[in-house]
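In: let's see this in three dimensions:
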Amino acid sequence: MSRVSDNQRDVRRDYAKGELRRENIAQDPLQQFTVWLEDAQRAELVDATAMTLATVAANGQPSARVVLLKHFDTH
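Out: The predicted model follows:
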């Protein structure tokens with residue numbers, strides 16, 4: 001194996017900070033998004049406002065890109 005491949009095995013983060021359960025999710029999706037965003041910001045995550053935006057064209061072709069959230073409000 002190459003040295004790069006060996007190093008990649010050591011670069012891991014623990015993503016098991018909690019679990020997603022229906023009974024803990026807000027009925028309002030904007031309220032739930034606010035909770036998740038505030039949690040990420042409090043945790044001081046690198047690029048806490050980075051997210052994947054995915055769309056599908058009329059012909060069914062999917063497209064996804066990473067974007068940075070610049071503004072969010074419920075109005």
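In: tell me the strands beside the one helix or strand M51 maps to, with direction?
Out: Using DSSP states H and E, the secondary-structure element containing M51 is strand 50-56. Strand 50-56 pairs in its sheet with strand 62-68 (antiparallel), by DSSP bridges.
In: please enumerate residues in contact with the partner strand?
Out: D47, T49, A50, M51, T52, L53, A54, T55, V56, A57 (C-beta atoms under 8 Å, 6 or more residues apart in numbering). For glycine as for every other residue, the C-beta is placed from the backbone atoms N, C-alpha and C.
In: if I look at the spatially most central residue of the chain, how far off is L30?
Out: Within the chain, the residue whose C-alpha comes closest to the C-alpha centroid is M51; the distance, by C-alpha atoms, centre = their mean, is 5.1 Å. Applying C-beta to C-beta, to the nearest Å, the value for M51 to L30 is 15 Å.
In: how about Q31: what's its closest non-neighbour residue?
Out: In space, and not counting its chain neighbours, Q31 is closest to T74: 7.9 Å by C-beta to C-beta, 6 or more residues apart in numbering.
In: mind listing what A40 touches?
Out: Neighbouring residues of A40 by C-beta under 8 Å, 6+ apart: A48, T49.
In: per-residue confidence at it?
Out: According to the prediction, A40 has pLDDT 88.
In: so which helix or strand takes in it?
Out: A40 is located in helix 29-42, with elements delineated by DSSP H and E.
In: which residues of this structure score low on pLDDT?
Out: Segments of the chain classed as low confidence (criterion: pLDDT under 70) are 1-6, 13-17.
In: now with 90, please.
Out: When residues are selected by pLDDT under 90, those of the chain lie in 1-20, 40-41, 43-46, 72-75.
In: kindly format the C-alpha coordinates of stretch 36-53 as PDB.
Out: Taking Å, rounded to 0.1, in the frame of the first residue of the first chain, the C-alpha atoms of stretch 36-53 are listed here in PDB:
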ATOM      1  CA  TRP A  36     -29.100  21.500  14.000                       C
ATOM      2  CA  LEU A  37     -27.400  24.700  12.800                       C
ATOM      3  CA  GLU A  38     -27.200  26.100  16.300                       C
ATOM      4  CA  ASP A  39     -25.800  22.700  17.600                       C
ATOM      5  CA  ALA A  40     -23.100  22.700  14.900                       C
ATOM      6  CA  GLN A  41     -22.200  26.300  15.600                       C
ATOM      7  CA  ARG A  42     -22.000  25.700  19.400                       C
ATOM      8  CA  ALA A  43     -19.700  22.700  18.700                       C
ATOM      9  CA  GLU A  44     -17.400  25.000  16.700                       C
ATOM     10  CA  LEU A  45     -17.400  22.600  13.800                       C
ATOM     11  CA  VAL A  46     -15.200  23.600  10.800                       C
ATOM     12  CA  ASP A  47     -17.500  24.900   8.100                       C
ATOM     13  CA  ALA A  48     -20.600  24.400  10.200                       C
ATOM     14  CA  THR A  49     -22.600  26.200   7.500                       C
ATOM     15  CA  ALA A  50     -21.400  24.000   4.600                       C
ATOM     16  CA  MET A  51     -24.000  21.700   3.100                       C
ATOM     17  CA  THR A  52     -24.800  19.800   0.000                       C
ATOM     18  CA  LEU A  53     -27.600  21.200  -2.200                       C
END
